[in-house]
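In: just a sequence and a predicted model for now, questions to come.
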Amino acid sequence: MKEKAKRLAQKIQCYDKIQIVSHIDADGITSASIAHKALERADKDIDVKFIKQLDENEIDTLKDRENGLIWFTDLGSGQLKGLEDIDCIITDHHEPQGKTGPPSLAERENILSYGNSDILELNPHRYGLDGAKELSGSGTTYLVAKEMDKSNKDLSKLAVIGAVGDLQAAENNELIGKNREILKEGIETGVVDKKIETTLYGIESRPLPKLLEYASDPVLPGLTGEESACTNFLVENDIPLKEGETWRRWYDLSKEEKRSILSGLAKRMLDRGYPVEYAESLVGEVYEFPDEERGTMLHEAKEFSTLLNSCGRYEKGDIGLKVCLGDREKNLKKARSLLKGHQKVLVDSLQYVENIGVEEREHLQFFHGKDEIPDTVVGTVAGMLLSSGDVERRLPIIAFAKSEERDGVKVSSRGTKRLVKKGLDLSSIMSKCSKKVGGEGGGHDIAAGALIPDGKEEEFLGEVEDMIESQLQG
Ligand code: C5P
Ligand code: C5P
Ligand code: ZN
């Protein structure tokens, strides 16, 4: 990978003008920020464009550009063939187009010919790494930035945020694989701190009772969604809720107070028959940034990435980019207000699904968000439902929503670690089944998406159900 990254870096040096094209989520925004910083330091003329998905329309618009190089980050590998006429490089971690299992000899030759053509692509899947958990789009981009100049090692901070934003640390409660090497470089460079902490979301910014009340991963039995139960729980554990007039937050607590809360929570779970692993998931690695102010969302990776998602998913990727690049003041304020909106959208969307219900079939479950759930958050909502345990964990979940920019229906799908172990690969399912009904799609084994024509939902579900059945049987 290092050799290949070096070749991409060399190619970049041959151009003055570079257009970055990136995905609109947290990983995409941090990918673009890493590329931007590295190019800025190399004195290049830079332009950035954020997109939801790289489809034929988007590719056609890019073909009309004048000159210079395009750097695709956190996308591109699923559309390699369509990019053949574009002078570009790709740093992506989505499953490459046409990949079904380990690369065959023919595929390897194909890879070589891509390497020799104008497209230079760096993607963990080509090196036996799992792009859903071992390396993110921002991590892949970072590997090239580092080859451009060693001083870019400080950008490892952004790669950690991107990986966390893509939920790459969620399964193991720590970053693994190549992500872990990048984390180590961040720690060595002094831009990242690693701590063992609670994995609950909001240790910097949420008042203590809200930390418990809004907990969704893991859900806290008897506490999540129950305001007064949360306050009572804290009071029973002798935890003062306020310091003067201000709510205390997790990072204000002493070690003893943290221990008392965590053992209280674990006991509650075990008493109610939850498995030990569930209680264990309360604690894990947390990544902090010493150059950011304590008690702000920018100080911790999960909160930072959520702030970025709140920008990207509402077409304001450029605000997230500026926050990452350090152009704060106005942009941070805007990002915070976008976050408030994002949280409301998530609550309303979950409520909507609760009202309409999730329909179960033999091999999958699904819901249709229509135009009530934005197409950019329908995947997040599906993932939240699956991890909350409010829906069947044995079945992959498929979610639809009306596509906002294009005619058609946006599809998101999510699986579990257990289903993937049994053979589920949502990336190939989304790519193949959408093609069958006249759409396009791709992603990762555990999380993938597509765009299909209006009215094709039922036919598509049939194809998906057949393919899930055969993957899980095989
Ligand atoms: O486009 P990109 O690769 O950046 O997005 C990855 C998506 O996969 C994210 O939406 C993330 O939430 C999802 N994911 C997941 N569970 C995992 C890993 C990733 O839902 N274990
Ligand atoms: O949109 P959603 O969050 O469901 O996307 C899940 C994963 O599938 C992401 O990594 C996303 O980039 C990918 N995806 C894709 N092609 C699409 C839609 C989503 O590769 N048409
Ligand atoms: Zn990504």
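Out: Arrived safely. Numbering: from 1, shown residues only. Ligands and ions are numbered 1, 2, ... in the order given.

In: low-confidence ranges, this protein, go.
Out: The model of the chain has pLDDT under 70 over residues 98-118.

In: for ligand 2, what are the nearby residues on it?
Out: 23, 53, 78, 94, 379, 412, 440-444, 447-451 (CB under 6 Å from any ligand atom). (C-beta placed from N, C-alpha, C; glycine too.)

In: mind running it again at 5 Å?
Out: Residues of the chain lying near ligand 2 by CB under 5 Å from any ligand atom: 53, 379, 412, 441-443, 447-450.

In: please report how far the closest residue to A279 other than its chain neighbours lies from A170.
Out: In space, and not counting its chain neighbours, A279 is closest to A266: 4.1 Å by CB to CB, 6 or more residues apart in numbering. Remark: distance between A266 and A170 (CB to CB, to the nearest Å) = 19 Å.

In: what's the closest non-adjacent residue to the most centrally placed residue in the chain?
Out: Residue closest to the mean C-alpha point of the chain, counted by CA atoms, centre = their mean, is D166 at 2.0 Å. Using CB to CB, 6+ apart and skipping the chain neighbours, the partner closest in space to D166 is D27 (4.3 Å).

In: thought that neighbour was touching A163?
Out: Yes. Counting by CB atoms under 8 Å, D27 does reach A163; the two are 7.2 Å apart.

In: give the buried residues for the helix or strand L270 falls within.
Out: Element membership of L270, judged by DSSP states H and E, is helix 255-271. Judged by neighbour count (16 or more other CB atoms under 10 Å), helix 255-271 contains these buried residues: 257-258, 260-262, 265-266, 268-269.

In: go on, stretch 410-419?
Out: 410-416, 419.

In: same check on stretch 365-384?
Out: Per 16+ other CB under 10 Å, stretch 365-384 contains these buried residues: 365-369, 372-384.

In: same check on stretch 322-334?
Out: Buried-residue list, stretch 322-334, by 16+ other CB under 10 Å: 322-324, 331-332, 334.

In: identify the residues contacting the residue of the stretch 1-150 of the chain found nearest ligand 1.
Out: Relative to ligand 1, the nearest point of the stretch 1-150 of the chain is D27 (3.8 Å; CB to the nearest ligand atom). Shown in contact with D27 (CB atoms under 8 Å, 6 or more residues apart in numbering): 74, 136-138, 162-163, 165-166, 305.

In: ok now the helix or strand where it lies, how far from the chain's centre?
Out: Element membership for D27 (DSSP H and E) is helix 26-41. The chain centre lies 16 Å from the centre of helix 26-41; the measure is CA atoms, centre = their mean, to the nearest Å.

In: contact partners for the nearest residue to S260 once chain neighbours are set aside?
Out: Nearest non-adjacent residue to S260, counting by CB to CB, 6+ apart: N237, 5.0 Å away. If you count contacts by CB under 8 Å, 6+ apart, N237 has them with 257, 260-261, 264.

In: between all of the residues you listed, which two are at the greatest distance?
Out: E257 and G264 (10.7 Å; CB to CB).

In: could you list the buried residues of the longest helix anywhere in the chain?
Out: Longest helix in the chain, counting residues (DSSP state H): helix 329-356. Buried residues in helix 329-356, counting neighbours by 16+ other CB under 10 Å, are found at 331-332, 334-335, 338-339, 342, 345-346, 349-350, 353.

In: OK, contacts around F460?
Out: For F460, the contacting residues are 411, 433-434, 436-437, 439, 452, by CB under 8 Å, 6+ apart.

In: quick check: S254 vs ligand 3, distance?
Out: 37 Å (CB to the ion, to the nearest Å).

In: what about that residue, how many neighbours?
Out: The local packing of S254 (other CB atoms under 10 Å) involves 9 other residues.

In: ok, now which ones touch it?
Out: Going by CB under 8 Å, 6+ apart, the list of residues near S254 is empty.

In: how far away is it from ligand 2?
Out: According to CB to the nearest ligand atom, to the nearest Å, S254 and ligand 2 sit 39 Å apart.
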